[in-house]
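**Q** got a sequence here, can you model it:
(one chain, ligands or ions: 1)
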Amino acid sequence: GLDRLAELGPVRARVDYGEIPGLGVGTVAGHAGRLLLLDGPAGPLLCFAGRRHIYEGIEPAAAVLPVRLAARLGVQNLILTNAAGGLAARLWPGDLMLLADHIDLMPRNPLAGPHDRRLGPRFPDMSEPYDPRLRAALRLAAKDEAIALHEGVYAGLAGPNYETRAEVRMLRRLGADAVGMSTVPEVLAARQAGLRVAALSLITNSHVHPAPPPTHEEVLAMAAGAADRLRRLIQRLLKTSVMG
Ligand code: HPA
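**A** Reported below is the predicted structural model:
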């Protein structure tokens, strides 16, 4: 639902995922599935509009193929976006959260299996997955654009069901501020490949401020509303020198 992010610059080329061997076609409404090459404010930008999720029942390695493809094409900075449920009381639907760290609660790991040295080290460091300089630049960009930007820990679960109340209590105790069903596999592959990573969550619902659970349509509507703020944030980031 964050398609408008693609409006970061003029489109130079467009490839449907179906035309890229192994990328396949997404199965979830709102996840378009195309790769764009854009003229960004400070250089070429690859925009992967649409991702695969573990809950589709795919191999975890298939979910991280865009990241590995980007790395092989020479990409150095990766900015990931996602929708997430708020666990911290300070987070409300519509808020943006910069990932400070994550907790991997996915059942399978995309780095597991025979080791291909071209993908990076067998045992990648994960002590600081989210690049401090990119994070600082995003905080500054948010300030410049007068966009409220929270920061917190993202718990990645496979889904596709939402969390029980007991799971919400568990996740809060574990130190998670938000919970979602993506991003963590991509971050693992990106860090293995040596990419600098930043990730932003759109909080679409809260697990602590009572409200009926959102429908998938409501999640998409909120994403459309927040996409403009996200685009401005990233556009401003791209104009800073930190990406070089
Ligand atoms: N839980 C998991 N994933 C999500 C949620 C949630 O509450 N909201 C959006 N994606």
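
**Q** list the contacts for residue 110?
**A** 60, 61, 63, 64, 185, 188, 189 (CB atoms under 8 Å, 6 or more residues apart in numbering). For glycine as for every other residue, the C-beta is placed from the backbone atoms N, C-alpha and C.

**Q** with residue 238 instead?
**A** Neighbours of residue 238 in contact, by CB under 8 Å, 6+ apart: 8, 40, 41, 42, 45.

**Q** tell me how far it lies from the ligand.
**A** Counting by CB to the nearest ligand atom, to the nearest Å, the separation of residue 238 from the ligand is 26 Å.

**Q** got phi/psi on the residue lying closest to that residue once chain neighbours are set aside?
**A** Distances taken as CB to CB, 6 or more residues apart in numbering place residue 41 nearest to residue 238, at 4.6 Å, with adjacent residues excluded. Phi and psi for residue 41, reported as degrees, to the nearest 10, are phi -60, psi -30.

**Q** for residue 16, same thing?
**A** In terms of degrees, to the nearest 10, the main-chain angles of residue 16 are phi -70, psi 140.

**Q** what number of residues are in the vicinity of the closest residue to it other than its chain neighbours?
**A** Leaving out its chain neighbours, the residue that sits closest to residue 16 by CB to CB, 6+ apart is residue 34, at 5.1 Å. Using other CB atoms under 10 Å, residue 34 has 19 other residues around it.

**Q** max-length helix in this structure?
**A** In terms of residue count, the longest helix belonging to the chain (DSSP state H) is helix 216-238.

**Q** the nearest residue to residue 235 once chain neighbours are set aside: what's it in contact with?
**A** Distances taken as CB to CB, 6+ apart place residue 8 nearest to residue 235, at 5.8 Å, with adjacent residues excluded. Contacts for residue 8 were tallied using CB under 8 Å, 6+ apart; they are 38, 40, 41, 45, 47, 231, 234, 235, 238.

**Q** quick one on the thing from earlier: per-residue pLDDT, the residue nearest to residue 238?
**A** Residue 41 is assigned a predicted lDDT (pLDDT) of 79.

**Q** may I have the beta-bridge partners of the residue in the chain positioned nearest to the ligand?
**A** Going by CB to the nearest ligand atom, the ligand is nearest to residue 85 of the chain, at 2.1 Å. Assessed by DSSP bridges, residue 85 has beta-bridge partners residue 179, residue 205.

**Q** for the worst-scoring helix or strand of the chain on mean pLDDT, what is the distance to the chain centroid?
**A** Using mean pLDDT, DSSP states H and E, the weakest-scoring helix or strand in the chain turns out to be helix 216-238, at a mean of 83. Remark: helix 216-238 is offset 12 Å from the chain centroid, using CA atoms, centre = their mean, to the nearest Å.

**Q** next, the buried residues of that helix.
**A** Residues 219-220, 222-223, 226-227, 229-238 are the ones in helix 216-238 that count as buried (16 or more other CB atoms under 10 Å).

**Q** about what we covered before: can I get the longest helix of the chain in PDB, CA atoms only?
**A** Provided in PDB are the C-alpha atoms of helix 216-238 (Å, rounded to 0.1, in the frame of the first residue of the first chain):
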ATOM      1  CA  HIS A 216      -6.800  -5.300   5.300                       C
ATOM      2  CA  GLU A 217      -8.700  -2.500   3.400                       C
ATOM      3  CA  GLU A 218      -8.300  -0.200   6.400                       C
ATOM      4  CA  VAL A 219      -4.600  -1.000   6.600                       C
ATOM      5  CA  LEU A 220      -4.200  -0.100   2.900                       C
ATOM      6  CA  ALA A 221      -6.200   3.200   3.400                       C
ATOM      7  CA  MET A 222      -3.900   4.200   6.200                       C
ATOM      8  CA  ALA A 223      -0.800   3.300   4.200                       C
ATOM      9  CA  ALA A 224      -2.000   5.500   1.400                       C
ATOM     10  CA  GLY A 225      -2.500   8.400   3.800                       C
ATOM     11  CA  ALA A 226       1.000   8.000   5.300                       C
ATOM     12  CA  ALA A 227       2.800   7.200   2.000                       C
ATOM     13  CA  ASP A 228       3.100  10.900   1.300                       C
ATOM     14  CA  ARG A 229       4.900  11.600   4.600                       C
ATOM     15  CA  LEU A 230       7.200   8.600   4.000                       C
ATOM     16  CA  ARG A 231       8.000   9.800   0.500                       C
ATOM     17  CA  ARG A 232       8.800  13.300   1.800                       C
ATOM     18  CA  LEU A 233      11.000  11.800   4.500                       C
ATOM     19  CA  ILE A 234      12.900   9.600   2.000                       C
ATOM     20  CA  GLN A 235      13.200  12.400  -0.600                       C
ATOM     21  CA  ARG A 236      14.800  14.600   2.000                       C
ATOM     22  CA  LEU A 237      17.100  11.800   3.100                       C
ATOM     23  CA  LEU A 238      18.200  11.300  -0.500                       C
END
